[in-house]
Each structure stands twice: as structure tokens, then as C-alpha cells.
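Novice: sequence below, structure please.
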Amino acid sequence: MKGFSSSFLQKYSQINSSVRINEKFNRIIFHRTRVIVFTAAKRRIFLRSRKLADSDSGTYPNKSLLTNIFKWLDEFICDFIDPPLRPCVDPKHVLSGNFAAVEELPPTACTVVQGSLPPCLNGAYIRNGPNPQFFPRGPYHLFDGDGMLHSIRISGGEAVFCSRFVRTYKYGLERESGSPVILNVFSAFNGGLLSSLSRCVLASGRALAGEFDPRRGIGVANTSLALFAGKLFALGESDLPYSVKLTPEGDIITLGRHVSFGEPYMTMTAHPKIAADSGEAFAFRHSITHPFLTYFRINPDGIKQPEVPINSLKQASLVHDFAVTENYAVFSDPQIVITPAEVLRGKPPIGVDQGKVPRLGVIRRYAVDESEMWWVEAPGFNMIHAVNAWEEDGGDTVVMVAPNILGVENVLERLDLIQTSMERIEINVKKKKMKRKSVCRGNLDFAVINPAYVGKKNRYSH
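Specialist: As a prediction, this is how the structure comes out:
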């Protein structure tokens with residue numbers, strides 16, 4: 001096949017977008033309801049199948065007395081210490097309707113109801129998203145669920161559907177225990193001072209007792225998928241990526257946590273940018289400790305290059321995504337901040353600082369240290385995701401297209417009220433000034449482009 005044309009309707013709360021692919025490509029990747037489509041028959045991307053190492057029998061080994069005590073304490077906090085749950089962290093509200101949790105499904109043949117699948121169509125359509133393996137007893141945020149991959153494998157005119165959890169360290173540990181063990185990032189501290197401190201003490205006790213090892217990661221790999229260095233990764237920014245593969249039979253197998261991308265306790269963005277020309281992956285991690293932002297790249301062989309700590313970011317912020325051009329990388333420093341000390345006041349550690357002026361940071365794409373980093377104020381601009389960026393005027397202007405979150409105070413607690421404005425940002429790299437304008441007032445986010453145009457001027461966004 002020389003090209004591929006398709007459409008995709010993505011619904012996330014009140015955010016709707018349609019997709020029409022007009023630029024030729026070999027693969028596309030969608031965010032949140034994450035999709036990867038492989039269409040190039042030249043590339044052999046499906047490897048030999050192997051049996052799942054994790055049994056799906058639903059039985060668990062005998063739990064120790066200490067494990068049962070920890071479980072009882074967790075239930076006590078949920079039943080007697082937690083205040084009434086707000087809708088944003090009430091699992092009965094969050095996990096309802098289209099967001100209800102689903103079970104795993106082994107490879108299952110699909111019936112073609114109408115028409116036929118072209119025999120030459122060979123590839124897979126995959127999405128990633130949060131899906132808790134246990135219905136929560138206490139607070140639960142939509143972003144906290146275990147990563148689950150849903151795949152439609154198409155080959156020889158037939159389609160096979162499969163749903164599998166990403167076998168993260170957290171997932172396996174809690175499956176063996178039969179109940180949650182590791183604190184959820186977004187919801188653990190949403191119940192007031194006493195319940196937050198109680199959960200901190202309980203988590204510390206579990207770690208000290210050896211019930212879990214935080215050095216092995218606490219993430220859920222539930223945000224995105226990325227293909228680089230010859231591997232397919234499931235990602236979530238609270239951990240390192242997990243390598244996964246799709247078998248010829250349509251099953252999804254987790255190969256393991258990719259520790260070569262970081263040391264113990266390290267994480268990596270869920271949105272690396274892959275340069276189609278070089279095969280490099282540009283990435284970063286944000287942290288609650290100094291340095292709060294670290295930039296790095298991974299070469300085409302999958303070897304991580306030296307890190308560039310960004311010490312000019314003076315406060316932990318929710319830097320979720322970024323953009324790259326031919327010569328630069330652009331970061332957002334939004335009003336969404338991370339302040340762990342807020343837990344001692346009975347408040348969530350992630351919140352909005354209305355007095356903060358957002359900024360955009362620009363650094364050379366191949367910078368070796370922070371001396372090549374500078375910031376420009378961007379009042380009223382809160383970026384969570386970037387669409388793309390490129391250079392104009394002979395490299396003197398960096399252009400970035402990204403949705404601006406309007407009413408940023410709703411970003412975690414009232415997803416149904418989120419509104420966005422798609423904006424074009426122009427940054428003069430000589431004068432270090434920026435200007436921006438709205439190009440679409442539609443409520444759009446989670447945009448994707450043909451990956452061959454990452455860092456290059458593109459015409460379409462989907």
C-alpha cells in the first residue's frame with residue numbers, strides 16, 4: 001500500500017475531534033485513546049509469539065499475616081477516615097458509562113458485518129488507556145487506572161481483537177496481593193489531612209516491610225504508546241517505559257520495564273518526540289525534587305545520551321508534553337504546580353497557582369548543558385499537550401501549535417468543564433519574544449499528526 005486513509009472519532013469527556021489522514025505515512029500514533037497503525041508491509045514488526053508469563057487463572061498465593069494487616073488498615077482508612085468523596089475521585093462516578101472498567105480479552109476473531117477487509121491491509125490498531133484491575137474502595141481519579149492495551153490485528157482479510165493489561169511492576173504486585181498496594185498518584189491525597197497522612201504512613205510501612213520496592217517503579221503505563229529504537233513502548237510519566245509486543249496471533253505481551261532509560265526512581269515523559277529522519281527519540285522527565293526538569297535524547301540504537309538538567313525551572317510543575325523543531329526543543333511551565341508539602345495541609349499535591357505567570361522555555365535540540373536554555377513569559381497560556389512545532393524565517397522564528405487550557409482550575413477536578421483554544425505561538429529566538437493567536441476556538445485536544453512531520457511544518461492536525 002502506498003498510502004492509507006481513515007477516520008477516527010475520539011471522545012474524552014466533552015472533547016471531540018475527528019480525524020482524516022491526508023498525508024502519506026507508514027504509521028500513525030494517537031494520544032490518550034492511543035492508537036498506532038502500521039501499514040508498511042516492508043517492515044517486519046510482529047515477532048514470534050511466546051506464552052504469557054503471567055497466568056490468568058485469577059488465583060493468588062497465600063498472603064502473609066503482615067499483608068493482611070496492611071490490607072485491613074487500608075480498608076479501615078477507606079471506611080472510617082476518608083471524608084465523603086468528591087465526584088472527581090468517587091469511583092462510582094468516575095468509573096461509569098463509557099469509562100467503566102473492562103476485563104481482559106484474549107485474541108478473539110472479529111466478524112466482518114459489512115463489506116470486506118482488503119487482503120493487502122496488514123497491521124494493527126492499538127489504543128492505551130487507564131483501566132483499574134480492582135474496583136477502588138477509596139478515592140480514585142480517572143488518570144490512576146492500570147494501563148490496558150486494546151488491539152485490532154488485521155491480516156489476510158481477517159481481524160482479531162485483544163485487550164491486555166500492561167504487566168507493570170505495580171500491576172503484578174497487586175495482582176499477586178489481590179488488592180491495591182502502591183499509592184495512586186492523582187487520588188491518594190484527595191481525602192483531607194488525616195486520610196492523606198494515614199495513607200503515607202501505610203505506604204511507608206509497606207515499603208519498609210518489603211511488601212513493595214519503589215526502585216522498581218510505581219507507574220501504570222496507561223497514557224500512550226511510542227515506537228522507536230525498534231521497540232514498541234507503553235508509557236506513563238510516573239515511571240519508565242514498558243516494552244510490549246504484538247504477536248502474529250494478535251496477543252499483546254509485556255516484555256518488561258526498560259531500565260536502560262533511567263536509574264531507580266527515575267521516570268520519563270509519556271510523549272517522546274521521534275525524529276523520522278534520524279530515528280532519535282527526544283524526551284524529558286519532570287520531578288518533585290531538584291532538578292525539576294531534565295532533558296535528554298535516545299539514539300536510534302536505543303542508547304540514552306547524557307542528560308541536561310534544567311536548573312532554571314525553580315518549582316515543580318506539571319510539564320506533561322513538549323515540542324521539537326529542527327534545532328530547538330520547547331517546554332511549557334504552566335500554572336499547574338506540584339507541591340508535596342500541601343499534603344501536610346490536607347490538600348492534593350497537584351494544584352493550580354493562579355498567581356503564577358506561565359512561561360515557555362527554549363533550548364537547543366542538541367544542547368549539552370543548560371547554558372543554551374532561556375525562558376519567555378506567556379501570560380494566560382497553559383499547555384498540556386503540543387501538536388507540533390517548526391522553524392520559519394530562516395530559523396529565527398519557532399512556531400508551535402498547541403491547545404491552551406482555558407479555566408485551568410478545572411484540569412484535574414472537573415474534566416467535563418474543560419475548554420481549550422487551539423493557538424499558534426511564534427517565538428523570536430533572536431529577540432527572545434513571543435506572540436500568539438487563536439486559530440480555532442473548538443474544544444480540541446489530544447491532537448496527532450503524521451509522525452513523518454514531527455518538527456517540520458505540517459498542514460494537517462487530527
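
Novice: so the nearest residue to Pro87 once chain neighbours are set aside: helix, strand or coil?
Specialist: With C-beta to C-beta, 6 or more residues apart in numbering as the criterion, Pro87 has its nearest non-adjacent residue at 4.6 Å, and that residue is His93. Any C-beta I mention is one placed from the backbone N, CA and C, and that applies to glycine too. When classified by DSSP: H, G, I helix; E, B strand; the rest coil, His93 comes out as helix.

Novice: from Asn131, how far off is His93?
Specialist: His93 is 16 Å from Asn131, where distance means C-beta to C-beta, to the nearest Å.

Novice: of those two, which one has the most company?
Specialist: Set His93 next to Asn131 and count neighbours by other C-beta atoms under 10 Å: Asn131 wins out with 23 against 15.

Novice: and for the residue lying closest to that one once chain neighbours are set aside, the neighbour number?
Specialist: Distance criterion C-beta to C-beta, 6+ apart; nearest residue to Asn131, sequence neighbours excluded, is Met148 at 3.8 Å. If you count neighbours by other C-beta under 10 Å, Met148 ends up with 26.

Novice: likewise for the one 5 residues further on?
Specialist: Using other C-beta under 10 Å as the criterion, Arg153 is surrounded by 24 other residues.

Novice: helices or strands up against the helix or strand hosting it?
Specialist: Taking DSSP states H and E as the criterion, Arg153 maps to strand 147-155. Here strand 147-155 touches strand 123-130, strand 158-165, strand 242-246, going by 3 or more C-beta pairs under 8 Å, 6 or more residues apart in numbering; DSSP states H and E.

Novice: quick one: closest of those strands to Ser438.
Specialist: Ser438 sits nearest to strand 123-130 of all the helices and strands packed on strand 147-155, at 29.0 Å, using C-beta to C-beta.

Novice: helices along the stretch 151-300 of the chain, start to end?
Specialist: Taking DSSP state H, counting those that start in this stretch, the helices of the stretch 151-300 of the chain run over residues 169-177, 193-208.

Novice: ok, Thr269 touching Ala283?
Specialist: Yes: between Thr269 and Ala283 there is a contact under C-beta atoms under 8 Å: 5.3 Å.

Novice: who has more neighbours, the two?
Specialist: Comparing Thr269 with Ala283 by other C-beta under 10 Å, the one with more neighbours is Ala283, at 27 against 23.

Novice: send me stretch 191-211 as PDB with only the CA atoms.
Specialist: The C-alpha trace of stretch 191-211 is given here as PDB (Å, rounded to 0.1, in the frame of the first residue of the first chain):
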ATOM      1  CA  GLY A 191      -9.400  12.900  51.200                       C
ATOM      2  CA  GLY A 192      -8.100  15.500  53.700                       C
ATOM      3  CA  LEU A 193      -5.200  15.700  56.100                       C
ATOM      4  CA  LEU A 194      -5.900  12.700  58.300                       C
ATOM      5  CA  SER A 195      -6.600  10.300  55.400                       C
ATOM      6  CA  SER A 196      -3.600  11.600  53.400                       C
ATOM      7  CA  LEU A 197      -1.200  11.200  56.300                       C
ATOM      8  CA  SER A 198      -2.700   7.700  57.100                       C
ATOM      9  CA  ARG A 199      -2.000   6.600  53.600                       C
ATOM     10  CA  CYS A 200       1.500   8.000  53.700                       C
ATOM     11  CA  VAL A 201       2.200   6.000  56.900                       C
ATOM     12  CA  LEU A 202       0.700   2.900  55.400                       C
ATOM     13  CA  ALA A 203       2.700   3.200  52.200                       C
ATOM     14  CA  SER A 204       5.900   3.800  54.200                       C
ATOM     15  CA  GLY A 205       5.200   0.700  56.400                       C
ATOM     16  CA  ARG A 206       4.600  -1.400  53.300                       C
ATOM     17  CA  ALA A 207       7.900  -0.300  51.800                       C
ATOM     18  CA  LEU A 208       9.900  -0.800  55.000                       C
ATOM     19  CA  ALA A 209       8.300  -4.200  55.400                       C
ATOM     20  CA  GLY A 210       9.500  -5.200  51.900                       C
ATOM     21  CA  GLU A 211       5.900  -5.500  50.500                       C
END
